[in-house]
Structure formats: C-alpha cells, structure tokens
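Enquirer: Fold the following and give me the result.
(chains A, B, C and D)
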There are 4 protein chains.
Amino acid sequence: MKRKVAILGATGAVGQRLVSLLLDHPWFKVDVLAASERSAGKKYGNVCKWILESPMDPGIGEMVVVNCDIESLERAGNVDFVFSCLPPEVSKNVEEKIAVKYPIFSKASTHRLEKDVPLIIPEINPDHLSLIPIQRKVRKCAGFISTDPNCSTIQLAMTLKPLMTFGVSKVLVSTMQALSGAGYPGVASLDILGNLIPFIPNEEEKIELETLKVLGDFDGEKVHNANIEISASCCRVNVRDAHTQFVYVQLESKPDWTEVKEAFKNFRGVPQLLKLPSAPELPIVVRDENDRPQPIFDKNAGMGMSVVVGRVRQDPAMTIKYTCLGHNTIRGAAGASILTAELAVAKGYV
Amino acid sequence: MKRKVAILGATGAVGQRLVSLLLDHPWFKVDVLAASERSAGKKYGNVCKWILESPMDPGIGEMVVVNCDIESLERAGNVDFVFSCLPPEVSKNVEEKIAVKYPIFSKASTHRLEKDVPLIIPEINPDHLSLIPIQRKVRKCAGFISTDPNCSTIQLAMTLKPLMTFGVSKVLVSTMQALSGAGYPGVASLDILGNLIPFIPNEEEKIELETLKVLGDFDGEKVHNANIEISASCCRVNVRDAHTQFVYVQLESKPDWTEVKEAFKNFRGVPQLLKLPSAPELPIVVRDENDRPQPIFDKNAGMGMSVVVGRVRQDPAMTIKYTCLGHNTIRGAAGASILTAELAVAKGYV
Amino acid sequence: MKRKVAILGATGAVGQRLVSLLLDHPWFKVDVLAASERSAGKKYGNVCKWILESPMDPGIGEMVVVNCDIESLERAGNVDFVFSCLPPEVSKNVEEKIAVKYPIFSKASTHRLEKDVPLIIPEINPDHLSLIPIQRKVRKCAGFISTDPNCSTIQLAMTLKPLMTFGVSKVLVSTMQALSGAGYPGVASLDILGNLIPFIPNEEEKIELETLKVLGDFDGEKVHNANIEISASCCRVNVRDAHTQFVYVQLESKPDWTEVKEAFKNFRGVPQLLKLPSAPELPIVVRDENDRPQPIFDKNAGMGMSVVVGRVRQDPAMTIKYTCLGHNTIRGAAGASILTAELAVAKGYV
Amino acid sequence: MKRKVAILGATGAVGQRLVSLLLDHPWFKVDVLAASERSAGKKYGNVCKWILESPMDPGIGEMVVVNCDIESLERAGNVDFVFSCLPPEVSKNVEEKIAVKYPIFSKASTHRLEKDVPLIIPEINPDHLSLIPIQRKVRKCAGFISTDPNCSTIQLAMTLKPLMTFGVSKVLVSTMQALSGAGYPGVASLDILGNLIPFIPNEEEKIELETLKVLGDFDGEKVHNANIEISASCCRVNVRDAHTQFVYVQLESKPDWTEVKEAFKNFRGVPQLLKLPSAPELPIVVRDENDRPQPIFDKNAGMGMSVVVGRVRQDPAMTIKYTCLGHNTIRGAAGASILTAELAVAKGYV
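Expert: The predicted model follows:
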C-alpha cells in the first residue's frame, strides 16, 4: 500500500515536477494538492499554468486544490506526510503549524539552517536525519521538518563529498543557472534574450552556508559545519533546465586529477546501497569529452538524478578544477525531496 | 593627412569591426582590404557575409579584395601599416613576410608569446612597444609585428592592472563568452539554443599565459612575466557580443572592497593621458547595481572600449571578487588593434 | 521655442521610447512624466525599469514622476500637448478628462475606432486630422484625442497604401511579432525560449478593423471604411524588436510584381513633402535580397521609421505576396505618435 | 523475424532520428549505416555529431559506417530495404543505382515529382503505392523508389485531407520552421539569435507543388494533381523542433468552423485502420486553447507522429483559418519514412 502525500505549493515550478515525478512512484501517491487561496477550491488543471514539456496527467488535472493549512489538508484526505515547495515568505508559518502533526519534506529555504532541522542530501549526510527525534523533543511536535538544500548547493555538495577524503580546504564556484530555477513567470524574456544576468538574490549566500552544514559532522546531538572556505558567484543564463558550475578546489593531499576522476566515478551513497526508488545508479556521471556536460544533453542523466561532471583537470592556482551539471528541478528540487522522503521511510522516520 | 592602412582578413568577424570602426577615424583610412584567395578579385560587398547590425558602408562594399601577400598589397595601394585579423593557421607565414617591410598590428594568436614581439594593452604596458627596435634587429626587418592579447585576456588584465598595487598573487576567472568570438558561421544554432558549451579550445591556456606577459615588466631588453597564479574556465553562452567574467583575486595587502572599487574607478592609462582617438575616457566603468554589468546594456560603454565592472565585494575564500564585462570584438579585438596602432603612432613607431 | 509635452505612461516600454526619441527633438521638449500612482512622487530613474539598450538620459532620470490626471499635469508644468501610452484599461477615463483641455496623441487602443477620433498614419491619411474640429464640437472640449493604430496595423497599412491604386480587394497577413510589443515584464522567458506563441489577444481583430479605417475616405464629415477583406494571424516570436509580416494581396488590376515593387519604392507621403523632423526619407525601403528584411538588420532603417519590404513576387493563389518589417516601438508606437504630433503641429491643430 | 534495413545518410539530422526511432521497432532492424566517404570505415559513434537530446545507443555507436553504394551495402549486410535521407545533390545517382535491386524509402527531394514515383503520406494516399509495379516496369528494376514529401508539405497536406470533402479551392500557408530542418551545422547562431530568417530556399515551391501530387487522384495509371491554388511563405525561427503553420483555406461548401473542427477530429487513415506500428492513434490532434499548438509543448503529440491543430475559426477573407504544428524530423521526416515503409510492408510491396 502506497503512502499518501500532500504537496504544498503544487502549482509552482517545483510543485509541477513533484506531481510529475510522483505519478508512478512505487511507494508514494499524491492525495492532496494545496496552493494559495487564489487556487483553492478550483481544479488543478484550471489554475496551474503547466510549464513542463510532457503534458499534465488528466487525472491530476481534475483534482481540486485546497488551502495550505492543516484543517484543509485533513478535510481533503488522510495523508502520511507532506512535501512543501512553498515560497519562503509563506513557508515559515505554514510549515511549523503542519509539522505539529505531519512530517514535512521541504524545499523552502526558511528552516534550512536551524540547528534542529536536518538539511539532507541522501548520498552525503543520511545520518543527519537523526536530528528528527531531537527536533521533536525541542519543538514538542508529532511531525517534523526536514529540508533539502538549494539546487546549486546540492550539485556542488554532491561533487565535493567524494573529495573530502583528499582534504577540501577551499572551494570557488561559478554558476550558470537555468530559467526554471526562478519559477514562473520568473525571468522576463526581454531581460534574458541574448543576455545573461550575473546576479541571483541570496543564491551565493545559500551556497556558501548550506554546503558547510550538509558536509558537516553530526555528533549525536548537533551538526558541526565543515571547515571549508567557500566562495560562489551566480549567473542566470538563457537555459531552460539544468545548472552548470565551474568548480575550483584546493585539496590538502594534492591528488592527481586522475585520482579525483576515479573518486567521482566510484562515489556511491546510502540511497544506492538501499536501492531507493529514486536513487540513480550513479550519483555522479563522469564524461570524458571536453565539451560536456551541457544542459540539453546531460540534464536527464540518471533520470535527472545524477550530477554530471566533466573536464576534471589540474588547476594552476588551486589543486583541481572541473565542470558539473545537475537538473535543477529534479536533482536540485523535486527529486531531492522525494529521495529524502524515501530515505526517511527506509530509515523508519515516516 | 591620414595614414593609409590595409586589413588582412577583412571579411571575418573582426575584420568587419575594423572596417566599421575605421570609417570615420581621424588618423587612419582603410586603403586595402585583403582576404583569402576565394575572395580576392571580388568586391568586398559581394564576398563578405556582413554580420554587424549597422549596415556596411556602400563605398567599402565597392572595394575590390586582394590577396594576403606583400605583392598584392603593394599593387593595391601604398599603405603605411597593416592590421591583421587572420586565422592563426594562416597568419604565421603571411605576417612574417609582410613584416619585412610593414608594421603589423595583429589580432592573431600566433606571435603573441614570442620574446621579441610586443603583446600590448595600451593602458597597461605601453612601454612594451620598446621591443620593436629589438625585434627589428633580431629579425632584420623594416616593419615589425605587434600583437594584441586574446579578447578574454584583455578585459581580465584591464581589471587586474589597478589591483597590482595591492599585490596580486592568485586569480581565478570564469568566463561566459559571446558567440561573435567564434567568428562566422562559428557556433551552430542547434548547439547553443537553450544551452551553453562549457569549453572553448585553447582559450583557458591563452588567458593563463598571456595575462602574465601583459602584466610583466620590461627591463629594457625583455619582458619578465608577472608572478601570478592564474586559472581560467571558459564557457560559450547564447549572447551576441560581450564577454562576462566572474573574477576571484587573492591580494597580498588584503584591501577592503571599497578601496578596490576606488582603484577601479581611478584607473587611467597612457591612452587617456595622450587622449588617443579610440581611448575611452574611463578604461574601467564601475556600476553600483547588483545585477550589472550585463551584455545587452553594458557592451557599448565607452563606445565599446571601456571594461565594465560590477559587484566588487569581499571574497570568503580569496580576497576580492567582482564581475567584469567587455565588448569582445571592440575592446577585445578590433578596437584593441586600433588603440595599439594609435599608441604606436603617438610614440613614433609608425 | 520648443513645445512642451507630457508623457502619460512614461515608465512603460513605449513611454521609454518616447522619452528616448524626444531627447533631442527639434520641436518638442519633455516637460512632464506621468505614470501610475505607484510611481508618482518618485524620480523617473528610480521607478522605471529601463529596457532600451542605450542608457537612460541622466537628466530625465532625475525628473519626478506625477500622477496621470489633469491637476497633476498642471501642477507639474505648463505643457502644450500630451502623449499617452497608457494601458487600455486605464486610458479611457484619463484621456477623456485630459482632452477637455489638452490635445492628446494616444497609442492606447481605447478610442481608435470611435467615429470622431482620428486614427492617423501621417503618410496615409493626414486629412483625417480634420476630424479634430468635429470632435471638439461633439465633445465640447478644448483639447482633442488623436490616435495611432496598433503597431502591426501601421506597418501593414503603410505597405497597402501604394497598392490602393491597383485595387486592393483581399489581404491576408501572418505576423511574427517581437517581445517588446508585449511590454515589460511581458512574455515570460520560459514561455518563449526555443518556442513561439501563435496567439496575441485582440491583435488580429485590431489589424482587421483598424486597417479599414486608416485606408478609408474622409468625406468632410466622417470616415468611410475601405472596402477590403482582411484576415490576420498573429504569432509572438523570440525577437526583441521589429515585427515581420508575410502579406498576400489580391489586386483587381492584376499588376506584375515589378510594378508593385516600383510602387513601393516610389511611395511618398505628406510627412516627406513637409519634411517633418521624424519623417524618414523613404517611408518604404525595398530590399532585393531573398532573405531580407530581418529584424536585427532592418529594424533601424530610416531611424526605425521606415517599413522595409522584401521578396515582392507573384502569388499563385492571390496576386502578389511580400514580406514587410517595421520597428514596433518606433514606427509602430513612439515614433508614430511623434510623427502624428508633428503633422498636427504643421497643420496648425496644436 | 525483423526485416533488416540500411540507412543512407545515417549521420545527418534525419538519419539520427531514423536510427533512434528504429531502435525498438517491432518490424525493422537497422543492419547497415551508410554515409559519405569521409565517414566510411569508421565507427558511427566517432563520426556522427549526435544532436538529439536523448543519448545515442551504445551498440549503434559501435557500428562501422559504409559507403553509399550497392557493393558496400551488400558487403556490409543482407538488407531487405533501404531508407535514404541523402542530401539532394547526392541522392539522385545513388538512389537510382540501389533501386535496381532494393526498395528505397527516400526523404530526398530528388525524385518526388517524377511521374512513376510514389509521393506518399500513408494517411492520405496509400493507393499511390500502386505506382510501384508501374515504376518497376518503366525502369526495369527489381527494387523501387518511394518518396515522402517535404516536412512542411506533410503537415499541411495532413490537415487539408479532411477538408477535401468541403471542396478546397485555395490555400495560403505561412510557415515558421524549426532549426533542425536545416540539418547540422545548418543555421549559424549569429544569424538567428533574437532574429528570424524569412526565406528558406526552394521550400515554398516544394509545398506548392508536392501538396498537389499528394492530394491528387491515382487513376490506375498515373496521378492527377489536385486542383487547388496554393501559396506558401516560409520563415526560419529560433525553435529546435516542430514547424508551425498559419493556414487560410477557401472551401467551396462554406462550412462553419465547428464542422471543420469535427472533420479534423474524426480524421483517420489506412495506417490507423491497419494499426501500423508507427501510426498515431489520432493523425490530427485538435487543441481547444487559444494559444496552442506550441512547439515545446505539442511537438511530441502521438510520439511526434500527430499533427496538432488549433484555433480553427472563420476567416474574414477566405473560409476558414487555423494553426497547425508537426514535428519536422519525426512526422515530417524519419517517422514519415518509417510509416511509409510499414504501409508498403503491410501492402506486400516489400
């Protein structure tokens, strides 16, 4: 029997991906779609401006959207847990109230850096889920809030994890991020046609802070941030899906680039061991061609759940540099939440 | 009386910019247009696939293209010096033969790193033109070859020059480069629509090497490379003109970002002092807005000859980071050659 | 002495063009900038999201925006007449009130088809300005409202006018329209990247109706619509500026395409005779190349005020077909309003 | 047992689609990949610049490409028939020689209008395959050449077929065609970024002529062209896949648009009756939304084999107008060839 889930913020760009990825999910079934008051009471198919290339499932389109509060959720169904992709300004209040009763897997940035809230990338820090019982005690709630990092953080951290064995001391990352990361309507066409926008509000700060928590150590009580100096510069480019990053890392043990490439190739995490339904066979796919990864060709690697790495090479000023790419609304958002939920189910937290 | 010039490679993307920028030049006049054998003997307007948005001058369109050899040049006119924007595989032979008699200002990469060849950015190293008499002695030629750096190098080096006073020890640069830098037909539309290509052959090596020579010291006999560790990662994006760069620098004297911003604003070079015709009033234009510079809005700053800098800020892993942008076929190519020629004229080398 | 003008809707896409085109206008001077309440009381440079590639004039940026009502206009300055580029839902009320006292040249669609309101393309129907005294009598106002057609109508009608001599009986037009026509933020980038949108609300109806009025005859009292069957299909494409149209016309006298091409070339109107400041030398520029006109190369023909025609040829199902292109925010909007105002001034209506 | 096929021109844009669509085909199996001499003797994966978003099958990548002549085909395998997507300048000679022995299903334009060559759209004129025995007699060959129309013709003719019952007398069509139709490298990015090209060589003539043959009647000996006046205007736009068309038709029986819409919906052809493997359930999918069809959302309707129609409405100058869209390299090219081959197999010609 599948677990029933609600999606908060179901009409947005990430909400649509969640709906789409959960259509044939072996463990989960979408039972409730919730969104803003403007949409509540109407059919999903009528209020959702669908932006995915594959069409909306007709059955989903017939579902009636409800409000994002606990009473509406309960009236609408009997869900086991909740996915949230609410905008940050809305999420705080809503999520805390719902977490009193339900587990929430949230893409919102609101709670990510709070001490008792897990910030999870299942391949990297599955043990951070142990914050859940601590959180429940602190917040006196039956449910909990678990969060996923920012999309850019996820793909960067995925590639840093296998490098931790070489001693990561400094990381510089330049991102070229896709339009879908700004939601819909998001970026105006007049702003981006033949252009790029070398600024994304708060994005650099998120990468610089969240990465440290994700790569940090959990000592049974709290997470100790990783001791890395990270600097990010972020740019919006005229690409539909998939963020590309140029990464420069300083490694203490000064490995050769071939060792680093091997480390990328051999990286596996708990989701792979547990064969979680949304876990890609390879968390990191390494390409040998000079001009890869590229958004249109590589975004769907591992069903959009693999991070693709290319051009691993020696760096004249740091130790190693490489390019990485991830599908920002799958591995970087909807797929991330689902994989975390799968992990939480497998570990018995849900 | 204006000096008469020939343009080698006049039908290419940079050649067209040269033709266009020289139309009303106060010192120079285009007298000879030279290109490959395929075009020789035909009217420029008939063989040149014009890619600039402003239309080709009708008089220029009527000029008959000649071959790229010294005999053809001499038959066609009586030029004072030569601009070369030949492709690298062609330029070596051609330029060396023509330099026996004529001064050449070349955008080709071929001779840039040769010891007796000046690699000039007029605001940075005007004194390197003193290599000319040395080169003439070594090569026993009446003319000479002077070169301009790669387009990405030019805009990076322009912004590094005012930072030298703080002690530049490490530089990391990520570039997002325009289509026009690949010439015509260049990048296929199917390769770049909704995409980016995170690789440009030889570009990173050029930036990493040329910058050291340009910022190096001339001791009266030779140029000593600057002692900086530079790492570049280069990407092609779907932008018509202007390269954007994310730059991270480590500075020995650890200045505050406000000091660095002032240094950018106050930077002036010899071209500004001499009021050379193509010198922009401000070599570096600093923007205060978070989301600038952007290609479509900033490419024409200073008639395309200024480098535009934005988001100067402290760097958590280095010292300072910032964004810079330059018009790749004006400041990065045709305008660079013209400014160097103006400097050479002003200094009496032509 | 220049006439002083106010611009209603000054912060929008067309308002910006008006501001920009009037900067150095020989007859007119921008005295008052008016916009919505949200902007009123603030500096233009702070509230206007500038979308033109050439930078905003600093002096204009310092002007304080006022509300769009007659009291605010009068407090702010002492204008001779008013340009309006208000959105249609706002314009009706506002324009009627202001017209009680001031002449208004409006780009809004609201009043275009009203019987006593001139709908002017200066090269086509300058005599329709004679509706002004009639309107003043009917509406009992000291000012008046004169309107310009929709951008697509303008360029189509410009090319139909010289064909009227051959007897135009049917016209079919397919348009490929630029993003700037939808204003800002307008079309979302996710909607148009690698895509087109084959629908623009109300656009086809505007073309089908307005063209008949513009090409109609004024009998001294009213305008009789031209007797033409017109069908339009409109598409939004990923182009910044300039609409392109495929036009098919049935002509009663069955001319050869060479005669039609001559008719385009020889077309001149009253603005050319009067040498109005914004009148292009050639209202229609004819290109001989098969692949022209194209937006990026032809949008600025005649300073953006010429319509460019190409591929005039025999049509297997109608009589003649051709391609035409016009700059939608210059000839199709801001420039159209200015030229009409110049005509009205020259004719003594202002 | 599957029939073995060879693909001539396997490395091109259409060849790649053929390879991709035939991967899991129930009736056919790719046995030989042939291309130009430049590629012959090398692995497909090494010589083919793959442009599809889904990755190349690794097994196909290992196949060695052979020359496009009958000897090479025979040495390489034992094929039952041949698909040809050779460029027109090459196809004539090659196809005629191979047809001496093998059936060829060709996308090349070369033979389309020859009297004894079938020009097939399986939903429209399956009976034209009866030209095969006539062709064999005339040309004294054991194989034959069957052709598919131009991509734009296919989608237009598909929508005209159900209108024939209303008496089609005139058709005007404006096309907005995708980049992939120009092959690879095809359109230069500098030519199309923020632009469109209102000319595609020979495209309008192909549409105007081929449509008449496809919709024509076969009397047992030859095909009589349909008696329709057709005019086409063609434009290249910045879209990856799928052509969009604005169609205006004059219908003798003056039906209401609702009848026409029904006719589109109810249209079925022989491929649907025979349930051919590549036949879409609905040859024409009708959308009710005003702003559909759009390339990114509708190109894959019916696995790319359906033509999508929208905005069926009354026309003020003709009878009916509508928008249609088809995937140019599936329904318009590779899928068309496969469906024709399936029909020929089902009818016993292969």
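
Enquirer: What is the burial count for the closest residue in space to A:H25 that isn't next to it in sequence?
Expert: Take A:H25 and drop its neighbours on the chain: the residue closest to it by C-beta to C-beta, 6 or more residues apart in numbering or on different chains is A:P277, 6.6 Å away. Bear in mind the C-beta positions are built from the backbone N, C-alpha and C, glycine included. Other residues within reach of A:P277, judged by other C-beta atoms under 10 Å in any protein chain shown, total 15.

Enquirer: quick one: A:P277 is in a helix?
Expert: No: counting by DSSP: H, G, I helix; E, B strand; the rest coil, A:P277 is located in no helix; its state is coil.

Enquirer: check contacts around it.
Expert: Contacts for A:P277 (C-beta atoms under 8 Å, 6 or more residues apart in numbering or on different chains) come out as A:H25, A:P26, A:W27, A:E342.

Enquirer: hang on, the last one in a strand?
Expert: Meaning A:E342. No: counting by three-state DSSP, A:E342 is not found in a strand; it is helix.

Enquirer: now, which of the contacts of A:P277 lie within helices?
Expert: Members of the contacts of A:P277 lying in helices (criterion: DSSP state H): A:E342.

Enquirer: quick one: contacts for A:K213?
Expert: A:R112, A:L113, A:L119, A:V223, A:N225, A:A226.

Enquirer: so it is in which element?
Expert: Here A:K213, judged by DSSP states H and E, is contained in helix A:203-214.

Enquirer: May I see the buried residues of that helix?
Expert: A:E203, A:E204, A:K206, A:I207, A:E208, A:L209, A:E210, A:T211, A:L212, A:K213, A:V214 (16 or more other C-beta atoms under 10 Å in any protein chain shown).

Enquirer: how far does that helix sit from the chain's center?
Expert: 13 Å (C-alpha atoms, centre = their mean, to the nearest Å).

Enquirer: And A:L86, which helix or strand is it part of?
Expert: Short version, using DSSP H and E: A:L86 is in no helix or strand.

Enquirer: List the buried residues in the helix or strand bottoming out on mean pLDDT in chain A.
Expert: Here the helix or strand of chain A ranked lowest by mean pLDDT, DSSP states H and E is helix A:88-99, holding a mean of 92. Applying a neighbour-count criterion of 16+ other C-beta under 10 Å, one finds A:V90, A:S91, A:V94, A:E95, A:E96, A:K97, A:I98, A:A99 buried in helix A:88-99.

Enquirer: Who are the packing partners of it?
Expert: Using 3 or more C-beta pairs under 8 Å, 6 or more residues apart in numbering or on different chains; DSSP states H and E, the elements in contact with helix A:88-99 are strand A:3-8, helix A:70-76, strand A:81-84, strand A:103-106, strand A:144-147.

Enquirer: Least reliable of these by average pLDDT, please.
Expert: Least confident of the helices and strands packed on helix A:88-99, judged by mean pLDDT, is helix A:70-76 with a mean of 94.

Enquirer: contacting residues around that one?
Expert: Taking C-beta under 8 Å, 6+ apart as the rule, helix A:70-76 contacts A:6, A:31-32, A:34, A:40, A:64, A:66, A:79, A:82, A:97-98, A:100-102.

Enquirer: ok, of these, which one's closest to C:P133?
Expert: Checking those against C:P133 with C-beta to C-beta, the nearest one is A:A40 at 56.0 Å.

Enquirer: That closest one: what secondary structure?
Expert: coil.

Enquirer: burial measure for it, as a count.
Expert: Neighbour number of A:A40 under other C-beta under 10 Å is 17.

Enquirer: got the contact list for it?
Expert: A:A34, A:V65, A:V66, A:N67, A:S72.

Enquirer: can you check A:P255 too?
Expert: A:F166, A:A263, A:T319, A:I320.

Enquirer: what do you get for A:F81?
Expert: A:R3, A:V5, A:A6, A:Y102, A:P103, A:I104, A:F105, A:G143, A:A341, A:V350.
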